[in-house]
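Undergrad: for reference, the sequence and a predicted model appear below.
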Amino acid sequence: MDPKLLDILACPICKGPLKLTDDKSELICKADALAFPVRDGIPVMLESEARTLNVDERLDK
């Protein structure tokens, strides 16, 4: 994913920062505990497509 795109993307719910996972498959919003999928290099920024982070992911374990 283009780093410039990552700099301007924000969580659609809280407008907070997003972090790209190491495997580049999801964008994580820690504030809302959601993971938005990245499909074919395109972030899917829909709340209905996001998954909820589990406890370990919320605590960075």
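TA: Nice, thanks for sending it over. For clarity, every value in this text was computed on a predicted model and none was experimentally measured. Numbers count the residues shown, from 1 in each chain.

Undergrad: and Lys24, how close does it get to Pro17?
TA: Counting by CB to CB, to the nearest Å, the gap from Lys24 to Pro17 is 17 Å. Where you see a C-beta, it was placed from the backbone N, CA and C, and this is true even at glycine.

Undergrad: could you do Thr52 as well?
TA: Per CB to CB, Thr52 is found 18 Å from Pro17.

Undergrad: who's more crowded, the two?
TA: Neighbour count, other CB atoms under 10 Å: between Thr52 and Pro17, Pro17 has more, with 15 against 10.

Undergrad: check which helix or strand the more buried one maps to.
TA: In this assignment (DSSP states H and E), Pro17 forms part of neither any helix nor any strand.

Undergrad: three-state assignment of the residue nearest to the spatial centre of the chain?
TA: Central residue of the chain (CA atoms, centre = their mean): Leu27, 2.0 Å from the mean position. The assignment at Leu27 comes out as strand when based on DSSP: H, G, I helix; E, B strand; the rest coil.

Undergrad: now swap in the one 5 residues further on and tell me
TA: Following three-state DSSP, we place Asp32 in the coil state.

Undergrad: in this structure it contacts Ile13, no?
TA: Yes - contact between Asp32 and Ile13 holds when scored by CB atoms under 8 Å: they sit 5.2 Å apart.

Undergrad: between those two, point out the one with more neighbours.
TA: Using other CB under 10 Å as the criterion, Asp32 and Ile13 rank with Asp32 on top: 17 against 14.

Undergrad: the lengthiest helix in the chain - what's its average pLDDT?
TA: Taking DSSP state H as the criterion, the chain has its longest helix at helix 3-8. Computed over helix 3-8, the mean pLDDT rounds to 88.

Undergrad: residue ranges with poor pLDDT in the chain?
TA: Across the chain, the stretches falling below the confidence threshold (pLDDT under 70) are 61.

Undergrad: cutoff 90 now
TA: Flagging of the chain using pLDDT under 90 yields the residue ranges 1-6, 41, 57-61.
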